[in-house]
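1. Fold the following.
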Amino acid sequence: MKGIFPLEKLERIQTPFYYYDAELLRQTLRTITQEVSKHEGFCVHYAVKANANPKVLKIIREAGLGVDCVSGGEIEASVKAGFPSQRIVYAGVGKSDWEINLGLDNDIFCFNVESIPELEVINQLAAAKGKVARVAFRLNPNVGAHTHANITTGLAENKFGIDMRDMLPVMEEASQMSNIKVVGLHFHIGSQILDMGDFEALCNRVNELQNELERHRIRVEHINVGGGLGVDYQHPNRVPIPDFKDFFDTYAKKLKLRDGQTLHFELGRAVVAQCGTLITRTLYIKEGHVKKFCIVDAGFTDLIRPALYQAYHKIENLSSDEAPEAYDVVGPICESTDVFAKQIDLNKAHRGDLIAIRSAGAYGESMASQYNCRKLPVGYISEEL
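-> Modelled structure (predicted):
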């Protein structure tokens, strides 16, 4: 829908760049907070890896969400954006010593621990500072998700998490560590999940694990079920905000929280994907014998998802109202995988036309690279243009 873009303002900006619709982001955050408020003990953290643009983080912080970080750099970005340390969760399968120390120095809410060796290091580093580290164990529930194989994280063969069979021995070992306090269990089964049945399966598994722990007189304060809620890449105009009601209601109905327990979520893509668009400019129209190529100045250095995951993004020509024609939309990178889409209909394209690659607010700017010595794309917020 071309009307949602301030075309005259966008024309003046050097392409490629990211454009973030601040009002849509705020509407999305209002929907999240409204739905969460219906359920006692629900707490939402934003997964910073989806988009760490400082202006985006500021809007999310103003909405009252916490953050889920997977690196020391993300912790630093979150602290700089003003998120309270007590709302920062630090996850990740490979935490460096300096990153753990950073978390300890900032007295973050919790470390999501993925192995015994990691637990031992956190205990040692916390002891050196005279502190007690709050930890939640990331358990691998062996729950499959109906999503791309590269973003499924809850199966037994994934690198993430602790095998459920090791849950009790890990709990026992942690209880012997004087600088560790176990406060919760953490789960995450994958990303871009649209089938609520996947989340129901996770709820069932968490219920089983809690029952098992209670048989051994073990109880935790917090349950963290990660994120994973997907967005509608096919219809960003028709479905700009994901179905948060169904998502949170599923957990409210299926997950059996104990009295006083809090339930934590780590939503990333669902928060920011639809508010972001990669704006690029047409360089050339190349006509072959079989197909036409719309060659743009953005490449997989700016948005890698189509090359990495074969991901679909709706693409629109903002500058043309002419009849649609079929194009392969490709970038300038010297790799054959630098293709955004093949044989899609665009309003007839010309050199200089602005092309919008939609639903790019998650894992777009945050995954950009400088391959081919290209400059990183700049992100602009709509209300500041």
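
2. Give me the distance between the two termini of stretch 361-380.
-> With Cα to Cα, to the nearest Å as the measure, stretch 361-380 spans 11 Å from end to end.

3. What pLDDT does the model give the residue nearest to Pro240 when sequence neighbours are not counted?
-> Nearest non-adjacent residue to Pro240, counting by Cβ to Cβ, 6 or more residues apart in numbering: Gln274, 4.9 Å away. Where you see a C-beta, it was placed from the backbone N, CA and C, and this is true even at glycine. With respect to pLDDT, Gln274 scores 98.

4. Could you do Glu23 as well?
-> Per-residue confidence at Glu23 stands at 97 (pLDDT).

5. Same check on the one 4 residues further on?
-> Model confidence at Gln27, expressed as pLDDT, equals 98.

6. how about it, secondary structure?
-> helix (DSSP: H, G, I helix; E, B strand; the rest coil).

7. Check what pLDDT the closest residue to it other than its chain neighbours gets.
-> Nearest residue to Gln27, sequence neighbours excluded (Cβ to Cβ, 6+ apart): Ile241, at 6.4 Å. Predicted confidence (pLDDT) for Ile241: 98.

8. And Ala362, by the same measure?
-> 98.

9. And Gly161, by the same measure?
-> Per-residue confidence (pLDDT) for Gly161: 82.

10. thought it was touching Asn112?
-> No: when contacts are counted by Cβ atoms under 8 Å, Gly161 is not listed as touching Asn112 (9.2 Å).

11. out of those two, which sits in the busier spot?
-> The neighbour comparison of Gly161 against Asn112 (other Cβ atoms under 10 Å) goes to Asn112, with 29 against 26.

12. Which residues belonging to the longest helix anywhere in the chain are considered buried?
-> For the chain, the longest helix by residue count, based on DSSP state H, is helix 196-215. Within helix 196-215, the residues scored as buried using 16 or more other Cβ atoms under 10 Å are Met196, Asp198, Phe199, Glu200, Ala201, Leu202, Cys203, Arg205, Val206, Leu209, Gln210, Leu213.

13. same thing with stretch 111-126?
-> Burial within stretch 111-126, assessed by neighbour count using 16+ other Cβ under 10 Å, is assigned to Phe111, Asn112, Val113, Glu114, Ser115, Glu118, Leu119, Val121, Ile122, Asn123, Leu125, Ala126.

14. in the protein, what spans have low per-residue confidence?
-> Residue ranges of the chain with pLDDT under 70: 1-3, 143-160.

15. quick one, helices of it?
-> Ranges of helices within the chain are 7-11, 22-36, 54-62, 72-80, 97-105, 116-129, 167-175, 196-215, 244-254, 269-272, 305-309, based on DSSP H.
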